[in-house]
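**Student:** just to be clear, the model below is a prediction. Sequence and coordinates:
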2 protein chains.
Amino acid sequence: MAASSQLPSLDFLIACTLTGSELQEYNKIHYGRPDHHELTVKKSNQDNAEKNGFQISAYDFPARKEETRRPRIVKVGIIQNSIAASTDKPITEQRQAIFDKVGKIIEAAGEEGVNVICLQEAWSMPFAFCTREKQPWCEFAEPVNGPSTQFLKDLAIKYEMVIVSPILERDEVHGDTIWNAAVVINEEGKVIGKHRKNHIPRVGDFNESTYYFEGNTGHPVFETKFGKIAINICYGRHHPLNWLMFGVNGAEIVFNPSATVAGLSEHLWAVEARNAAIANSYFTCAINRVGTETFPNEFTSGDGKPAHKEFGHFYGSSYVTAPDGVRTPGLSRIKDGLLIAQIDLNLCRQIKDKWGFTMTQRLDLYAESLNKAIKHDFEPQVIRKK
Amino acid sequence: MAASSQLPSLDFLIACTLTGSELQEYNKIHYGRPDHHELTVKKSNQDNAEKNGFQISAYDFPARKEETRRPRIVKVGIIQNSIAASTDKPITEQRQAIFDKVGKIIEAAGEEGVNVICLQEAWSMPFAFCTREKQPWCEFAEPVNGPSTQFLKDLAIKYEMVIVSPILERDEVHGDTIWNAAVVINEEGKVIGKHRKNHIPRVGDFNESTYYFEGNTGHPVFETKFGKIAINICYGRHHPLNWLMFGVNGAEIVFNPSATVAGLSEHLWAVEARNAAIANSYFTCAINRVGTETFPNEFTSGDGKPAHKEFGHFYGSSYVTAPDGVRTPGLSRIKDGLLIAQIDLNLCRQIKDKWGFTMTQRLDLYAESLNKAIKHDFEPQVIRKK
């Protein structure tokens, strides 16, 4: 774990090791283009990042110029961060410490002209679901208009920025139930809606089904001033149908705010959100929290190992993929970060025209197949020796 | 293209460049394990490979020992090859030259004890669909019991091996129609069934819709002596629903015999079949042909460039992924090859138990969503400013 958690990233390792035509070949075959189209970040923001200990990187994804549509250039930002106060501190203190830290990163994004930003899953709290303790962690849950939204809406107005805020939601109207949700705040500081996590894990330390149910908000696409966006929360990235339905509903950018650890999923991380971008001809933004979180009481991980107080290492590595499968390097595995992608939304339809995946996807065939598959007396299509 | 087509593979580049703990870290994060569990190949087969100019590699994918089921160890083989005679030669001569070449590779697989082998898409012919010429290429089409099956069934019997043979199929019963199909021959040399390619491309030089329709054989899973296998032919790898239905029908191994070229899809290649293994908790075997094919008459590629006679470079790079997302290095980008994976099929259910993707996939929700989506008056779930 030690060596693993110290390596900034494979992207960094490759960029340090390969040179010249070998590096270009690697980049072309792996990332999809020989160089990363890196954009320059303002000196003041570089200084801000240096001072506050976060990484800042920016990349460009241009599209072909069209005759009948103007370019639709949007700056997308994603933020990964560790928690900012120890987990035995009072809840309001823990939350405020995160607000203070993430606020500075959002300001850097605002100064760079970012139009739409998304934070990590349950960004305003530690990822305490490993403990299976209801208190004090359930007290982090907040209504859609709660402290996180109040904090973010001022920033949204100040920078005319759409902010996606994934929180632990408390639904006071429906039995005080708790949900894993993402709130969409528009550039006027207004909540335009929310989405609830559709697929809930029961694996390793991710005992989330102890706290909340599968989401009941469908697959909403939010039509904002800066494009049609959707949110596939964390574990939903393992489910291609979840990605698909956001595409069917017209998404151009799908955020995947996550919390996942080394040793469990790191070798899957570069595959799933990227595959979704390819399969659905939209941009995906994979966001993972970073750092190691320690809890006051010991807990077990269902793996036969002794009780312990430490979650595994959240490995960050947030990245963006374009609809043509070209991706950015990831942010650091060990450090807070802001990744900016300047994208032309026109690329989505251009890629649909080129590859034809929506034309050839035969949804009618699969609607029929799934209708059969969900029946109790379903007989799989199995062919045996004649 | 020159440099690109000369690089054996990124896997090779990495293995030559990184060392020690850095190589182990790279392997762990990228491939899913610190070392590749390479298996030794018989000296006689190494000599055979050397003499006949193909690569041979073998890897092990063990599973946890269970109390109530025995291990189900199966050796899977995949073959990639260039064509063997120039495309202006008589059809029977071209085909025989491929038979001679591929026969030697199958023999090597047989000598290594391979139980199930799959060849590349339309393996017994050049990938002539770039030309849009009907003749002579349609003459390569053959009935299910045609020359390819006749050739392979003797090898199937000799080595007690299941062989998946992707061919251009001629259906003489239904209007002499042509299909892109895969024939499954069991270890007794009997054809147990066929599957037809479900999704047909219309991109770049892949003018396949000129020759055949979308397949009408559903998503069959073939229950063989060596596990439940299915075939997702080429372009179907871009369609997560195609992969899904093979999983729903119980597949443990899904082959993806393909033909695809550098400059078009190479940066997607390592993503899609691997994602399918993860999402569906089964083994996937991605197979791509290799080499550059030149045709007698010039053709255009729908990209504004001048007419030419050469298809792009088929980049090989065939690889296997386990249900836990761990993958092998790819075969060469420039050379014929045989890749063997010794797998324990029990890993599929073990991973379903661990990750729970089949439990959490909510097929009922998606059946309902797709039923709505395919209607002409479908209204996407879009949320706008209130």
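**Tutor:** It's in.

**Student:** next one: stretch A:27-43 to chain centre, how far?
**Tutor:** When C-alpha coordinates are averaged (Cα atoms, centre = their mean, to the nearest Å), stretch A:27-43 and its chain have centres 20 Å apart.

**Student:** in that stretch, what's buried?
**Tutor:** Within stretch A:27-43, the residues scored as buried using 16 or more other Cβ atoms under 10 Å in any protein chain shown are A:27-33, A:36, A:41. (Glycine included, C-beta is placed from N, CA and C.)

**Student:** so, low pLDDT: which residues of chain A?
**Tutor:** Confidence mapping of chain A against pLDDT under 70 gives the ranges A:1-5, A:386.

**Student:** please enumerate the helices of it.
**Tutor:** Using DSSP state H, the helices of chain A run over A:2-6, A:10-17, A:20-30, A:43-52, A:91-111, A:147-158, A:240-248, A:266-280, A:346-355, A:363-373.

**Student:** any chance of those helices in CSV, with distance to chain B too?
**Tutor:** Output for these, formatted as CSV (distance: least, Cβ to the nearest Cβ, whole Å):
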stretch, distance to chain B
helix A:2-6, 6
helix A:10-17, 5
helix A:20-30, 5
helix A:43-52, 25
helix A:91-111, 21
helix A:147-158, 13
helix A:240-248, 3
helix A:266-280, 4
helix A:346-355, 6
helix A:363-373, 4
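
**Student:** which of those sits closest to B:Ala262?
**Tutor:** Judged by Cβ to Cβ, the one of the helices of chain A that comes nearest to B:Ala262 is helix A:20-30, at 8.3 Å.

**Student:** kindly export the closest one (C-alpha atoms) in PDB.
**Tutor:** Extracted C-alpha coordinates of helix A:20-30, given in PDB (Å, rounded to 0.1, in the frame of the first residue of the first chain):
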ATOM      1  CA  GLY A  20      10.200  11.300 -28.100                       C
ATOM      2  CA  SER A  21       8.400   9.000 -30.600                       C
ATOM      3  CA  GLU A  22       7.900   6.300 -28.000                       C
ATOM      4  CA  LEU A  23       6.000   8.700 -25.700                       C
ATOM      5  CA  GLN A  24       3.900   9.800 -28.700                       C
ATOM      6  CA  GLU A  25       3.100   6.300 -29.700                       C
ATOM      7  CA  TYR A  26       2.100   5.400 -26.200                       C
ATOM      8  CA  ASN A  27      -0.100   8.500 -26.000                       C
ATOM      9  CA  LYS A  28      -1.700   7.800 -29.300                       C
ATOM     10  CA  ILE A  29      -2.500   4.200 -28.600                       C
ATOM     11  CA  HIS A  30      -3.400   4.600 -24.900                       C
END
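
**Student:** who are the packing partners of that helix?
**Tutor:** helix A:10-17, helix B:2-6, helix B:10-17, helix B:266-280 (3 or more Cβ pairs under 8 Å, 6 or more residues apart in numbering or on different chains; DSSP states H and E).

**Student:** nearest to A:Gln350, of these?
**Tutor:** That would be helix B:266-280 among the helices and strands packed on helix A:20-30, by Cβ to Cβ, at 16.2 Å.

**Student:** circling back to that earlier point, now the helices of chain A as JSON lines including distance to A:Asp60?
**Tutor:** Conversion of those to JSON lines gives the following (distance: least, Cβ to Cβ, whole Å):
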{"stretch": "helix A:2-6", "distance to A:Asp60": "30"}
{"stretch": "helix A:10-17", "distance to A:Asp60": "17"}
{"stretch": "helix A:20-30", "distance to A:Asp60": "15"}
{"stretch": "helix A:43-52", "distance to A:Asp60": "17"}
{"stretch": "helix A:91-111", "distance to A:Asp60": "16"}
{"stretch": "helix A:147-158", "distance to A:Asp60": "24"}
{"stretch": "helix A:240-248", "distance to A:Asp60": "24"}
{"stretch": "helix A:266-280", "distance to A:Asp60": "16"}
{"stretch": "helix A:346-355", "distance to A:Asp60": "12"}
{"stretch": "helix A:363-373", "distance to A:Asp60": "33"}
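
**Student:** next, count neighbours for the closest residue to A:Asn45 other than its chain neighbours.
**Tutor:** Closest residue to A:Asn45 apart from its sequence neighbours, by Cβ to Cβ, 6 or more residues apart in numbering or on different chains: A:Ala108 at 4.7 Å. Per other Cβ atoms under 10 Å in any protein chain shown, the neighbour tally for A:Ala108 reads 25.

**Student:** report the contact partners of A:Ala108.
**Tutor:** A:Ala108 sits next to A:45, A:48-49, A:54, A:56, A:338 when contact means Cβ atoms under 8 Å, 6 or more residues apart in numbering or on different chains.

**Student:** B:Ile178: which of the residues you listed is nearest?
**Tutor:** Distances from B:Ile178 to these, taken by Cβ to Cβ, are shortest for A:Leu338, at 53.5 Å.

**Student:** related to what we said a few turns ago, nearest to A:Ser148, of the contacts of A:Ala108?
**Tutor:** Nearest to A:Ser148 out of the contacts of A:Ala108 is A:Leu338 (Cβ to Cβ; 18.2 Å).

**Student:** follow-up on the earlier one: so which of the contacts of A:Ala108 is the most crowded?
**Tutor:** Most surrounded of the contacts of A:Ala108: other Cβ under 10 Å gives A:Leu338, at 29 neighbours.

**Student:** distance-wise, check that one relative to B:Pro329.
**Tutor:** Applying Cβ to Cβ, to the nearest Å, the value for A:Leu338 to B:Pro329 is 34 Å.

**Student:** now do A:Ile374
**Tutor:** Using Cβ to Cβ, one gets 39 Å for the distance from A:Ile374 to B:Pro329.

**Student:** do the same with A:Asp344
**Tutor:** Separation of A:Asp344 from B:Pro329 (Cβ to Cβ) stands at 35 Å.

**Student:** contacts only, for the residue of the stretch 1-150 of chain A found nearest chain B.
**Tutor:** Going by Cβ to the nearest Cβ, chain B is nearest to A:Gly32 of the stretch 1-150 of chain A, at 3.7 Å. Contact analysis of A:Gly32 by Cβ under 8 Å, 6+ apart lists A:322, A:324-327, B:267.

**Student:** at 6 Å instead, please
**Tutor:** Residues near A:Gly32 by Cβ atoms under 6 Å, 6 or more residues apart in numbering or on different chains: A:325-326, B:267.

**Student:** closest to A:Arg64 out of these?
**Tutor:** Nearest to A:Arg64 among these: A:Val326, at 13.7 Å, using Cβ to Cβ.

**Student:** to what extent is the spatially closest residue to A:Phe129 that is not a sequence neighbour buried, counted in neighbours?
**Tutor:** In space, and not counting its chain neighbours, A:Phe129 is closest to A:Glu208: 4.9 Å by Cβ to Cβ, 6+ apart. If you count neighbours by other Cβ under 10 Å, A:Glu208 ends up with 22.

**Student:** distance check, A:Glu208 against A:Val271.
**Tutor:** Relative to A:Val271, and taking Cβ to Cβ, A:Glu208 is found at 22 Å.

**Student:** ok, A:Gln24 next?
**Tutor:** 23 Å.

**Student:** those two: which is more packed in?
**Tutor:** Counted by other Cβ under 10 Å, A:Gln24 and A:Val271 do not tie: A:Val271 has more neighbours, with 24 against 16.
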